[in-house]
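[1] when you get a sec, could you give me coordinates for this:
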Amino acid sequence: MKKYIVTGLVVIGLVGAGYAVWFATAPKTGGMAASADKRGAKPTPVHLVTVTSSAVPIVLDAVGNAEAEQSVAVRAEVSGVLKKIHFREGDAVKAGQLLFQIEASVSQAEVDKARANLARDQAAAREARTQAHRLQPLAELEYVTQQEYAQAVAQQQAAEATVRADQAALKSVQAQLGYARITAPITGRAGILNIKQGNLVSAASATPLVTINATRPLLVAFSVPQQQLQAIREQQRTHKLEVEVRRDAGQALLGKGALAFIDNAVDMQTGTIRMKALIPNKDEAIWPGELVSLRLILGVQQNALVVPETAIQLGQNGSYVYALVDGKAHMQPVKVARQLGSQVVIAEGLQAGQQVIVNPPSNLRPEGAVEVIAAKAANKGNKP
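    You can find the predicted model right below:
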């Protein structure tokens, strides 16, 4: 029994000692908390930019494919051995430039033969004409019969018809001879050669000898939602719509051009309409078949309110920014009109001259005190 009494007294002693320690330290801790509450939380360091009002373009971004304005598959019109190739793959060629020479000895022989036949029949025609002219006065004086004169006239007409047939035959074989020289039908850039020098060329082959694409200028085909069609057509009535082409959005400009074509029907399956822009492409920065990013500039909005994209935050009720009000971060709801590169055009919620926080830190709280740092440096990028 005494053992249990001793154990109980030890436990009570330990509890009492713990309470005494807590009581001794509690007043000191309470004083520190009260002192911290009196001082308030430390301000959060932030970067600021000023909401600016400037003229910004109204744009429509899309993805398109570059295509040659003209593309010609060059084929042979006569068969024969390919004697000479006068260019190399990938060369820039001009319209009328000699590309291929096909062996033409047989065609040349046909031309020589046709010329000989023409000369022979022209001589016969001259003789028949002379004979008819000689018999005409004799027939009038009845020194020869009318039948003899009629036969002479008929021979003249037949000889002249033979000459015309020979002339047509000569033109035909001359054309065949001309087909042995294959020239570039357009100015552009040659592609891959599908035949080698010395091979037999067939006029019936479905494979072209080479394909030439016109690269200056070229077209960029793209599609836009049908909802944008009306705005595009309205702007097109007043001025030419400019188009900017880049390899990817945000990269360096490859070229500028103008909207050249709007399709006459909307694609019912996709709800989009096909358009094409004509790009001069003088330095051949864009290649046919290339996938590019383009921007159709519909107009310019004056006095648009612009802030960096990094100032926009997303919440349950939509977009907002932290505006600086009396040294505190005030949560300000905004309505975003559109984005232009790294800048955002604000439709509602801000005024020019207001200061907003960019890249707000994670510990920033609404109506929390802030400390402004490097505000000027942040403002340098505030241009669309």
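
[2] state the distance from Val49 to Pro308.
    Note on Val49: its distance to Pro308, by Cβ to Cβ, to the nearest Å, is 6 Å. Backbone N, C-alpha and C define where each C-beta goes, glycine included.

[3] same deal with Pro366?
    Distance of Pro366 to Pro308, computed by Cβ to Cβ: 20 Å.

[4] circling back: so which of Val49 and Pro308 has more stuff around it?
    Neighbours per residue (other Cβ atoms under 10 Å) separate Val49 from Pro308, with Val49 holding more: 23 against 20.

[5] what's the helix or strand for the more buried one?
    For Val49, the host element (DSSP states H and E) is strand 44-50.

[6] now that strand: buried residues?
    Within strand 44-50, the residues scored as buried using 16 or more other Cβ atoms under 10 Å are Thr44, Val46, His47, Leu48, Val49, Thr50.

[7] ok, that strand: who's next to it in the sheet?
    Strand pairing for strand 44-50, determined by DSSP bridges: strand 355-358 (antiparallel), strand 370-372 (parallel).

[8] show me which residues of the last one are buried.
    For strand 370-372, burial by neighbour count (16+ other Cβ under 10 Å) applies to Val370.

[9] need the residues that contact that strand.
    Defining contact as Cβ atoms under 8 Å, 6 or more residues apart in numbering, one finds that strand 370-372 is touched by Pro43, Thr44, Pro45, Val46, His47, Leu48, Leu324, Gly327, Lys328, Ala329, Ile357, Leu364.

[10] which one of the residues you listed sits closest to Arg115?
    Checking these against Arg115 with Cβ to Cβ, the nearest one is His47 at 89.0 Å.

[11] okay, and the beta partners of the closest one?
    The residues listed as beta-bridge partners of His47 by DSSP bridges are Val358.

[12] hmm, back to that, dump the strands paired with strand 44-50 to CSV, plus mean pLDDT and distance to Ala258.
    What follows is those, written out as CSV (pLDDT from 0 to 100; distance: least, Cβ to Cβ, whole Å):
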stretch, mean pLDDT, distance to Ala258
strand 355-358, 92, 36
strand 370-372, 89, 46
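
[13] adding distance to Gly250, write those strands out as CSV.
    Below are the strands paired with strand 44-50 laid out as CSV (distance: least, Cβ to Cβ, whole Å):
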stretch, distance to Gly250
strand 355-358, 19
strand 370-372, 29
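
[14] now the residue positioned nearest the centre of the chain, what's its secondary structure?
    In the chain, the residue lying closest to the centroid (Cα atoms, centre = their mean) is Val220, at 3.9 Å. Assigned with DSSP: H, G, I helix; E, B strand; the rest coil, Val220 falls in the strand class.

[15] surely it touches Val63?
    No. At 10.0 Å, Val220 and Val63 do not qualify as touching, with contact defined as Cβ atoms under 8 Å.

[16] any common contacting residues for the two?
    Common neighbours of Val220 and Val63 (Cβ under 8 Å, 6+ apart) are Val292, Leu294.

[17] Leu254 and Gln313, how far apart?
    Taking Cβ to Cβ as the measure, Leu254 falls 34 Å from Gln313.

[18] do a quick rundown of the helices in the stretch 151-300 of the chain.
    For the stretch 151-300 of the chain, the helices defined by DSSP state H, counting those that start in this stretch cover 229-238.

[19] domains of the protein?
    Domain segmentation of the chain under automatic domain parsing yields 44-55+303-379, 60-69+214-300, 74-102+183-213, 104-179.

[20] still on that earlier bit, and Leu254 and Gln313? which has more neighbours close in?
    Using other Cβ under 10 Å as the criterion, Leu254 and Gln313 rank with Leu254 on top: 20 against 16.

[21] could you report the neighbour count for Gln157?
    Counted with other Cβ under 10 Å, Gln157 comes out at 14.

[22] Thr211 is in contact with Ile186, correct?
    No. Using Cβ under 8 Å, Ile186 makes no contact with Thr211, being 10.9 Å away.

[23] now the common contact residues for those two.
    Shared contacts of Ile186 and Thr211 (Cβ under 8 Å, 6+ apart): Val72.

[24] so how far is Gln236 from Gln301?
    Computed as Cβ to Cβ, the Gln301 to Gln236 distance reads 18 Å.

[25] circling back to that earlier point, out of the contacts of strand 370-372, who's nearest Asp248?
    Closest approach to Asp248 among the contacts of strand 370-372 (Cβ to Cβ): His47, at 28.1 Å.

[26] so that closest one sits against Pro361, correct?
    No. Judged on Cβ under 8 Å, His47 makes no contact with Pro361 at a distance of 9.5 Å.

[27] quick one: neighbours of the residue nearest to Lys276 when sequence neighbours are not counted, just the number.
    Excluding the flanking residues, the one nearest Lys276 by Cβ to Cβ, 6 or more residues apart in numbering is Phe261, at 4.0 Å. Phe261: 12 surrounding residues under other Cβ under 10 Å.

[28] and Gln354, what does it touch?
    Taking Cβ under 8 Å, 6+ apart, we find Gln354 in contact with Thr50, Val51, Ala323, Leu324.
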